[in-house]
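Q: The following comprises the amino acid sequence and a computationally predicted model.
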Amino acid sequence: MRQFTRMGMLAAFLLLVLLPVGCGDKGDTNINVTAAVAASDGLDLQALGALAQKAKDSESLEQDINKPGGINNLDLDQNGDVDYIKVSSYGEGNYRGFSFAVDLEGGETQHVAEIEIEKSSGDQATMQVSGNEQIYGSGSHYSSGLSLGDAIFLSWMFGPRYSPYMSPYHYGYYPGYYSPYRPVPMSTYRTTTRTVTNRSSASFTKSNGSQIKSSSKAKSPYKGKSASKGVRASLKSPTKSQKSFAKTDRSKKAGTGGFGKKATTPATGQKKAVQQKTKPKTKPKAKTKPRRRTPTRRRK
């Protein structure tokens, strides 16, 4: 008797564990749940500064950033392709800057990062890389001193041939050398950015506040621009409109069964229609006609 009781309890336990797996539509059992990718993981700020230090000019810097297998692994809209980062330069006097942004579908622009360079005396200068607050959070500043070893970099930045550069490219319109490519795994990406940073003579120090003290009136072309729609990657400090979009976007995914999969459960109205359709029809009973009585003849 005890043996049968134990077997019953074991069967009941297995039934409770396996019931959620066995129930429901077969297509729902193979859904892979993935965490939202952080946008800040797609562009290493120190590697960006190291790459800029070796650039010949603004156009070559834009090309180097958007090379497959390079320091750009950013996918803000989560469409499976790395975003094209456009570069524009600005500045006056002893102050120069690079502004980095991504154009998204729908005509919106999302500012990503900023590089500021302030020349002090001779061949000495301070370079600071700052991440966009929505993507990297507040206080994401990395600064480094530039010395005689960076004379080539400083010569074209502050030389007489310098002229501001405004990227002509936007969403759907890219240079001939560029082809969309897929993001690489984080382990591969970190190895790449570590190599780029280690090869640079710059040594970056993180600070919460800006180390650039210039009073230049030169304005960044992209700083302050944020995309209210289209950013699906996880942001550290999103705006109200970005929070609203993320909430609506999650609701749409949930409404389609999650992660782009259509729901297999019919709506309430559809359920009733299915039930009515599948309900077996009962045949009406055939009406029986009354029999006529034949009169009996009396014998004479």
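A: Now that the structure is in, tell me what you want to look at. Residues are numbered from 1 along each chain as shown.

Q: Could you pull up the residues touching the residue lying closest to residue 92 once chain neighbours are set aside?
A: Closest residue in space to residue 92, ignoring its immediate chain neighbours: residue 218 at 4.8 Å, by C-beta to C-beta, 6 or more residues apart in numbering. (C-beta placed from N, C-alpha, C; glycine too.) When contacts are counted by C-beta atoms under 8 Å, 6 or more residues apart in numbering, residue 218 touches 90, 91, 92, 95, 97.

Q: Could you identify the buried members of those?
A: 90, 91, 95, 97 (16 or more other C-beta atoms under 10 Å).

Q: State the pair within the residues you listed that is farthest apart.
A: 90 and 95 (9.0 Å; C-beta to C-beta).

Q: re the thing from before, please narrow the buried ones among the contacts of residue 218 to those residing in helices.
A: Among those, no member is found in helices (DSSP state H).

Q: With respect to residue 181, which of those residues is nearest?
A: Nearest to residue 181 among the buried ones among the contacts of residue 218, with distances taken as C-beta to C-beta, is residue 97, at 27.8 Å.

Q: ok, the closest one - contacts?
A: Contacts of residue 97 (C-beta under 8 Å, 6+ apart): 89, 90, 91, 114, 115, 116, 117, 218, 220.

Q: quick one: the fifth one from residue 224, how far?
A: So that's residue 115. 16 Å (C-beta to C-beta, to the nearest Å).

Q: more crowded one of these two?
A: More neighbours surround residue 115 than the other of residue 115 and residue 224, with 24 against 9 (other C-beta atoms under 10 Å).

Q: Tell me the gap between the longest strand anywhere in the chain and the middle of its chain.
A: Criterion DSSP state E: the longest strand present in the chain is strand 109-119. On the basis of C-alpha atoms, centre = their mean, to the nearest Å, strand 109-119 sits 21 Å off its chain's mean C-alpha point.

Q: again with stretch 164-180
A: Centre-to-centre, stretch 164-180 and its host chain are 20 Å apart (C-alpha atoms, centre = their mean).

Q: Dump the longest strand of the chain to CSV, keeping only the CA atoms.
A: Taking Å, rounded to 0.1, in the frame of the first residue of the first chain, the C-alpha atoms of strand 109-119 are listed here in CSV:
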residue,chain,number,x,y,z
THR,A,109,19.3,61.7,-35.2
GLN,A,110,20.8,60.4,-32.0
HIS,A,111,23.9,62.0,-30.6
VAL,A,112,26.4,59.4,-29.5
ALA,A,113,29.7,61.0,-28.3
GLU,A,114,31.9,64.0,-28.4
ILE,A,115,35.7,64.6,-28.6
GLU,A,116,37.0,67.9,-27.5
ILE,A,117,40.7,69.1,-27.9
GLU,A,118,42.0,72.1,-26.2
LYS,A,119,45.6,73.3,-27.0
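
Q: What does the pLDDT read for residue 249?
A: Looking at residue 249, its pLDDT reads 86.

Q: Make sure residue 206 is indeed in a strand.
A: Yes: Residue 206 sits within a strand when classified using DSSP: H, G, I helix; E, B strand; the rest coil.

Q: which residue sits closest to it, ignoring its sequence neighbours?
A: Nearest residue to residue 206, sequence neighbours excluded (C-beta to C-beta, 6+ apart): residue 142, at 5.5 Å.

Q: One more: residue 55?
A: residue 61 (3.8 Å).
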